[in-house]
Each structure stands twice: as C-alpha cells, then as structure tokens.
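S.K.: Take this sequence and fold it.
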Amino acid sequence: MRNQVRTGQLANGFRYYSQYDYSHGTHLAGIGTKVGAIHASDGCVGLPHLVEHMLARQSMKYSSREVDLICQKYLGQADEDINIRIDRVSTFYGFGDLRTNKAMVDCFDVMAHFLRDRMLTMEGLEVERAAVLNEYYLRGVDDMPALIDDSIHEIMYSDNPARMRIDCIPADLAGISISKVRSFVKKHYVPRNMFMIMLGPKFEEVKQFAESYFGDNQWEDKSVPRMNHNNFKTLPVLKGIVSSEIVRPHIGQYHFALGFPTESYISSDAETLEMIARILTFRLAFRLRESNRKFDEGVYRANVYTSRSFVHGLIYATFATVGRDFAQYGEQAILEECDKLKNELVDDRELDAMSHYVDSAYLEAFNKNPTALSEMIIEAVCNGDEDMTHLHGFRNRLHAVSRKKIRNVANKYFTKDYARVLIKPA
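M.R.: I've put the predicted structure just below:
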C-alpha cells in the first residue's frame with residue numbers, strides 16, 4: 001500500500017525501511033542510529049553531537065575534500081539538502097529527495113562509508129570540537145527559540161535525560177578525549193542499534209543495499225546498548241510552579257514559555273495533544289496578536305509545541321513581545337485558554353479544521369513529501385515503534401479524537417503546577 005512503510009531486518013539485527021515510488025520520482029536515503037543527546041553520560045554532555053560531526057568528515061574511501069565535492073555536486077551547502085543531524089534520541093546521516101537514482105546511490109555510498117569506516121582522528125576531534133562549540137552559541141544560547149526549548153526541558157525534569165542539551169555543555173566538550181569518542185562509537189554504533197531508510201526503490205533492492213553495506217560480513221552481532229541513565233521518571237509530578245528567568249543583553253524582546261509534562265511518545269493521548277496544541281496556537285494568535293492595538297505590545301507569533309520521546313513528553317506555549325507588561329498578560333492568557341479547554345467543549349469547526357490539516361499532512365508525507373516521511377520513520381524507530389505499527393495506526397487514532405476527549409486530556413495535564421521560562425533584556 002502507498003500509505004505503508006515496509007521494514008526488514010538482517011541477521012545481525014540491522015533494520016531497513018522502504019517505500020516504493022511507482023512514479024520513480026523519489027530518491028531519498030540515509031542511515032540512522034538510535035542514539036541522541038539523552039545517551040550522553042554525566043560530564044560528557046555533547047559527546048553524541050561531537051561523534052556525529054566527527055563521523056561525517058571522511059572515510060577510508062572518501063577524503064574530506066572528496067566528501068565536500070560530492071555534497072556540493074548533489075546536495076549543496078551544509079544547510080541545504082544534507083540531512084546529517086542529531087536530536088534527543090536519534091542521529092541520522094542522510095539527505096533530501098534527489099533528482100536521479102544515480103545521485104541517490106552516490107550520496108548513500110558516502111554516508112554508508114562514514115559509518116562503515118569510522119575515521120575517528122585527533123585532527124577530526126580538534127576541528128569538530130571547535131565547530132560544536134560555535135554551534136552551541138550560533139544555534140543554541142544565542143538563538144532565543146532554541147534557548148527557550150532547551151530551558152523548559154531543563155527545568156521540567158530533574159532526573160530525566162531529556163533535560164540534557166542536544167548541542168553540548170562547553171566545559172564537558174573541552175574535556176572529551178579521542179578515547180571517549182571511540183568508546184562511545186564502539187558501544188552505540190552497532191547493527192542492532194542502527195537502521196537504513198531508502199525511499200524510491202523496490203523493497204528487494206533496498207534489502208540488497210542493506211546486505212551489501214551492513215550485512216554480517218562487515219559487522220559483528222552485538223546486543224542493544226544500554227542507556228547510562230536508570231530509574232528516571234518519564235512523567236514528572238511538578239510541585240508548584242517551576243520557574244527560570246534569564247537575563248540576556250542586546251535582545252529587544254521578552255521571550256516566554258509555559259509548559260506541562262505529558263506522557264511519552266507511544267501514548268493514547270498523543271494525537272489529542274497534537275490537536276490541543278493546534279487549537280491553542282489558533283486561539284492565542286487571536287488573543288495575543290489580533291486583539292492588540294498598542295504599538296509597543298502584542299506579538300508576531302504565538303506557538304504551541306509538543307515534544308515527546310520514549311523517555312519524556314511535554315507541551316508548551318511560547319511567544320515573544322516587546323512589552324514587559326504584555327509578557328505578564330500573555331502568561332495569564334495561556335493559563336486562561338488552558339482552563340477553557342478543561343471546562344468547555346471545543347467548537348466543531350475548530351476540531352474539523354485542525355483534524356483535517358493534521359490528517360492531510362500525514363497523507364502528504366506518504367504520497368509526496370519523502371523528507372517528512374523519513375523524519376516520521378526516524379522518530380518511530382528511535383522511540384520504540386520499529387515495526388511501524390504505531391505510525392501506521394495514526395489516522396485511526398486521530399479520527400477517534402473527539403471534543404470530549406480533548407476536554408478530558410486537557411484536564412489530565414493542565415494542572416495548577418507548570419514550568420515557565422522568561423528570557424528578558426538586560
């Protein structure tokens with residue numbers, strides 16, 4: 001079926017995922033590992049990110065210059081069609097949809113050799129450690145939406161590894177040695193912790209690619225590595241309001257977020273929470289932007305995000321405003337809109353609009369957005385849905401979301417205890 005992802009597994013535990021494109025218009029591939037920021041040990045926050053950088057430099061087959069030239073030919077600059085990245089639970093070495101099968105094969109060969117050859121050198125450590133440090137500022141603490149996201153995860157959890165930064169902690173990064181890098185790769189980059197995505201070719205062709213690059217003749221059979229963190233709470237119980245206020249010079253707005261912990265990735269509430277997030281975004285846009293008539297108040301955007309993995313879950317609303325007093329008003333507005341969802345059934349038209357869009361986006365991923373589908377597969381695999389059962393059942397669960405269920409889920413999570421982050425100008 002078109003709206004299905006096929007999956008297979010090699011004898012050594014390596015998995016592969018495919019969706020055949022009958023029009024032969026899709027050429028997307030990559031290799032993932034079920035390892036992310038949460039797998040760093042204490043004192044080594046940033047090690048998984050550094051490993052991603054170091055592995056994606058060169059291989060036995062391709063020098064760093066050859067890697068760059070092939071990427072320039074097919075994928076452009078680093079922020080264009082290259083999809084080498086890390087999040088809390090996954091690392092992926094891949095690329096966006098290309099025009100030809102040859103381009104896909106050439107680029108996949110580069111990515112596969114990164115992981116087959118594992119060129120981990122002192123030169124790579126020195127170069128990439130500096131790069132990660134600069135990324136920590138460029139896309140982390142100097143980027144207000146990223147800082148908001150990191151901060152609310154950090155204060156929401158006291159023992160859960162989801163509180164760890166994805167990029168790094170500079171002091172930890174400075175102390176990471178080449179031996180730590182090699183030990184981390186040896187532990188986590190093993191067949192039963194890795195998988196391949198190839199969208200476009202037939203399933204048997206994808207299987208042949210997997211066997212050729214990652215079959216038993218290249219890899220030893222090993223067990224799934226254990227996490228360094230045990231006995232943490234996936235759904236923390238907040239006692240009161242947990243708050244963090246950060247003063248930052250040279251910014252012109254107050255950046256605010258307010259959030260509640262939720263259940264983790266595979267939860268019966270997941271689709272309802274997505275609907276709630278969209279409804280809140282819709283309502284806050286009217287309340288915080290459209291209702292404002294004062295030049296030095298209001299917002300540009302008010303957004304609500306859900307963040308879930310197999311170890312955590314949360315929902316938070318966020319906005320930025322030039323008005324100090326308006327930031328206080330916005331916090332109260334979020335709480336009031338959450339209370340409305342707890343006490344009143346949503347409008348039928350709201351439910352229909354949000355449900356229609358979410359359903360359409362899901363179908364679009366399978367039918368004409370392979371990049372989005374790839375990310376959905378990665379998220380599923382790395383959060384316990386290796387056979388895609390949860391992903392394939394999404395539409396049935398979405399269509400079961402009702403006005404009453406939205407009210408029930410809102411009452412379940414929107415309590416008087418919440419986390420708040422305020423970043424304010426000096």
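
S.K.: contacts and neighbour counts: CA atoms only from here.
M.R.: Will do.

S.K.: how about the helices in the stretch 51-200 of the chain?
M.R.: 64-74, 101-117, 122-136, 144-156, 170-174, 178-188 (DSSP state H, counting those that start in this stretch).

S.K.: who's in contact with the residue positioned nearest the centre of the chain?
M.R.: By Cα atoms, centre = their mean, the mean C-alpha position of the chain lies nearest to Asp87, the distance being 4.9 Å. Going by Cα atoms under 8 Å, 6 or more residues apart in numbering, Asp87 touches 36-37, 166.

S.K.: Which one (most neighbours) among these?
M.R.: Within those, neighbour counts (other Cα atoms under 10 Å) peak at Ala37, which reaches 26 neighbours.

S.K.: So what's the residue count around the residue lying closest to it once chain neighbours are set aside?
M.R.: Spatial nearest neighbour of Ala37, excluding adjacent residues (Cα to Cα, 6 or more residues apart in numbering): Arg88 at 4.5 Å. Number of residues near Arg88 (other Cα under 10 Å) recorded here: 25.

S.K.: ok, Arg88 to Val304 distance?
M.R.: 19 Å (Cα to Cα, to the nearest Å).

S.K.: And the next helix or strand past the host helix or strand of Glu379?
M.R.: Secondary structure from DSSP states H and E places Glu379 in helix 370-382. Later in the chain than helix 370-382, the nearest helix or strand by DSSP H and E is helix 389-392.

S.K.: Name the residues that touch whichever helix or strand comes after that next one?
M.R.: Remark: after helix 389-392, the chain's next helix or strand is helix 394-399, criterion DSSP H and E. Under the contact criterion Cα under 8 Å, 6+ apart, helix 394-399 has outside partners 268, 271-272, 355, 359.

S.K.: So which of these are in helices?
M.R.: 271-272, 355, 359 (DSSP state H).

S.K.: contacting residues for the residue nearest to Ala37?
M.R.: Taking Cα under 8 Å, 6+ apart as the contact definition, Arg88 lies against 35-38, 162, 166, 309.

S.K.: Run through the stretch 101-250 of the chain and note the low-pLDDT ranges.
M.R.: 217-222 (pLDDT under 70).

S.K.: if we can go back for a sec, go through the contacts of Asp87 and say which is closest to Leu98.
M.R.: Closest approach to Leu98 among the contacts of Asp87 (Cα to Cα): Gly36, at 26.3 Å.

S.K.: mind checking how far the nearest residue to the closest one once chain neighbours are set aside is from Glu128?
M.R.: On the basis of Cα to Cα, 6+ apart, the spatially nearest residue to Gly36 that is not a chain neighbour turns out to be Val89, at 4.0 Å. Distance, Val89 to Glu128, by Cα to Cα: 21 Å.

S.K.: do His49 as well
M.R.: Counting by Cα to Cα, the gap from His49 to Glu128 is 10 Å.

S.K.: Show me which pair in the ones in helices among the contacts of helix 394-399 is furthest apart.
M.R.: Pairwise over the ones in helices among the contacts of helix 394-399, using Cα to Cα, the maximum falls at Thr272 and Asp359, 12.6 Å.

S.K.: Among those two, which residue is more densely surrounded?
M.R.: Using other Cα under 10 Å as the criterion, Thr272 and Asp359 rank with Thr272 on top: 25 against 14.

S.K.: Provide a list of residues in contact with that one.
M.R.: Thr272 touches 398, 401, 405-406, 409, counting by Cα under 8 Å, 6+ apart.

S.K.: Let's see the PyMOL selection covering just the buried ones among those residues.
M.R.: Listed next is the PyMOL selection for buried residues among the contacts of Thr272, using 16 or more other Cα atoms under 10 Å:
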select buried, resi 398+401+406+409
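
S.K.: who's more crowded, His49 and Glu128?
M.R.: Each of His49 and Glu128 has its neighbours counted (other Cα under 10 Å); His49 has more, 26 against 20.
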